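K.L.:
Compute the structure for the input listed below.
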Amino acid sequence: MANLTPATNNTVTLANAATFIPELWSDEVIAAYKKSLVLANLVQKMPMTGKKGDTMHIPKPTRGTASAKAAADTVTIQQTSNDELVITVDQHFEYSRLIEDITEVQAFDSLRRFYTEDAGYALGLKVDNDLFGLGKKLGDGDGSSWVHSAAYQFNTTTGAAEAYDADGTADIGAFNDKGFRDLIQILDDADVPMDSRVLVIPPSAVNEIRGIDRYNSSDFVDGRSVMNGQIGTLYGIDVYVSSNAPVMETGVKAGILMHKDAFVLAEQMAVRSQTQYKQEFLATLYTADTLYGLEVYRPEAGLVIALPA
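P.N.:
Alright, predicted model coming up:
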């Protein structure tokens with residue numbers, strides 16, 4: 001049986017908490033959650049709000065071909081594929097605070113936003129981290145390692161993109177123009193659509209981009225400088241900076257070059273806020289939670305990039 005006695009440092013008291021206003025908590029948590037998401041905003045989303053069941057079946061049709069049509073001939077029916085992706089919606093995470101009555105009455109309202117932003121950030125960070133983790137399943141990856149056919153690093157001498165080998169930071173070259181063009185070519189050769197491609201990089205890679213003169217011209221960043229870390233466009237690909245980028249090994253973080261179809265996020269419950277009064281503690285229990293599932297949809301539509309942290 002779970003222990004219902006809260007530890008001292010798990011209870012919001014006058015010394016460490018804010019005024020409890022449920023309506024404000026809900027709105028502010030959702031706002032902070034959305035603000036903390038990066039990768040989750042760039043993938044295919046399948047809403048399941050209000051739907052029953054814990055699985056979603058998504059068809060994976062193979063691409064068809066155009067057929068010549070002669071006068072009076074019947075049309076050519078494309079062969080139907082029965083392949084499908086099954087997503088299990090089993091990722092349920094929560095963030096809770098216990099607010100004592102005396103705190104609700106006397107605490108400073110200005111501190112409330114700290115807890116709502118912390119709740120939204122924590123839940124959003126979890127979703128983004130899980131999506132980044134799907135990078136282990138791109139290419140021929142089975143989810144157990146970053147080393148697979150779709151993981152690359154930049155050669156420290158030539159700058160060219162080469163297979164990631166997890167042999168240490170000495171072999172990991174910095175982000176550079178040639179290597180980036182190599183990766184674009186890999187997606188092109190795999191017939192990945194050119195629209196809806198994105199590049200998500202850790203903050204350390206932004207510093208490398210700052211050092212490439214041509215990336216600071218309007219021709220390459222769509223009229224917006226990347227000097228202040230804002231989103232730009234390189235070779236028609238939108239660039240996003242995320243501090244959520246995971247560690248691949250000591251001193252190495254993952255970037256991802258991908259089409260939005262690489263990953264699918266099924267949200268059965270985005271962010272929910274609810275309260276329950278706990279008389280035994282003379283306090284109100286506040287909980288924010290989210291329920292989702294995620295999976296790789298097109299493993300050929302994304303590449304992992306090992307970058308110096």
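K.L.:
since we're on Ile201, how many residues are nearby?
P.N.:
With neighbours defined by other Cβ atoms under 10 Å, the count for Ile201 comes to 22. The C-beta positions use only the backbone N, C-alpha and C, and glycine is treated the same way.
K.L.:
Once you drop chain neighbours, what's closest to it?
P.N.:
Nearest non-adjacent residue to Ile201, counting by Cβ to Cβ, 6 or more residues apart in numbering: Gly255, 4.2 Å away.
K.L.:
Contact partners for the residue lying closest to Gln91 once chain neighbours are set aside?
P.N.:
The shortest distance from Gln91 to any non-neighbouring residue, by Cβ to Cβ, 6+ apart, is to Tyr292 (5.1 Å). By Cβ atoms under 8 Å, 6 or more residues apart in numbering, the contact set of Tyr292 is 89, 91, 127, 265-269.
K.L.:
Can you list the residue ranges for helices in the chain?
P.N.:
Secondary structure of the chain (DSSP state H): helices at 22-36, 101-106, 112-133, 177-189, 203-210, 218-221.
K.L.:
These: which one's closest to Thr156?
P.N.:
When the helices of the chain are compared by Cβ to Cβ, helix 177-189 sits nearest Thr156, at 10.6 Å.
K.L.:
Point me to the residue sitting farthest from the middle of this structure.
P.N.:
What lies farthest from the middle of the chain is Ala72; by Cα atoms, centre = their mean that is 51.0 Å.
K.L.:
List just the nearest of the contacts of Tyr292 to Gly141.
P.N.:
Leu265 (18.5 Å).
K.L.:
average pLDDT across stretch 288-300?
P.N.:
What stretch 288-300 shows for mean pLDDT is 94.
K.L.:
And stretch 119-136, by the same measure?
P.N.:
94.
K.L.:
in it, what's buried?
P.N.:
By 16 or more other Cβ atoms under 10 Å, the buried positions in stretch 119-136 come out as 119-128, 130-132, 134-136.
K.L.:
ok, those residues vs Thr65, which is closest?
P.N.:
Sorting the buried residues of stretch 119-136 by distance to Thr65 puts Leu134 at the head of the list, at 29.9 Å, by Cβ to Cβ.
K.L.:
shouldn't that closest one be in contact with Arg298?
P.N.:
No - between Leu134 and Arg298 there is no contact under Cβ atoms under 8 Å: 11.3 Å.
K.L.:
what residues do those two have in common as contacts?
P.N.:
Ala262.
K.L.:
rewinding a little: report how many residues lie close to the residue nearest to Ile201.
P.N.:
Here the number of neighbours of Gly255 (other Cβ under 10 Å) works out to 28.
K.L.:
Next up, the contacts around Val304.
P.N.:
135-136, 138, 146, 148, 150-152, 164, 248, 254-256.
K.L.:
ok, of these, which come out buried?
P.N.:
Among the contacts of Val304, those classed as buried by 16+ other Cβ under 10 Å are 135-136, 138, 146, 148, 150-152, 164, 248, 254-256.
K.L.:
For Asp188, the count of nearby residues, please.
P.N.:
10.
K.L.:
Skipping adjacent residues, who's closest to it in space?
P.N.:
Met194 is the one closest to Asp188 (Cβ to Cβ, 6+ apart), at 7.6 Å.
K.L.:
isn't the one you found right next to Gly236, touching?
P.N.:
Yes - because the distance of 6.9 Å satisfies Cβ under 8 Å, Met194 is recorded as touching Gly236.
K.L.:
which among the contacts of Val304 gets closest to Ile209?
P.N.:
Of all the contacts of Val304, Gly255 has the smallest distance to Ile209: 11.2 Å, by Cβ to Cβ.
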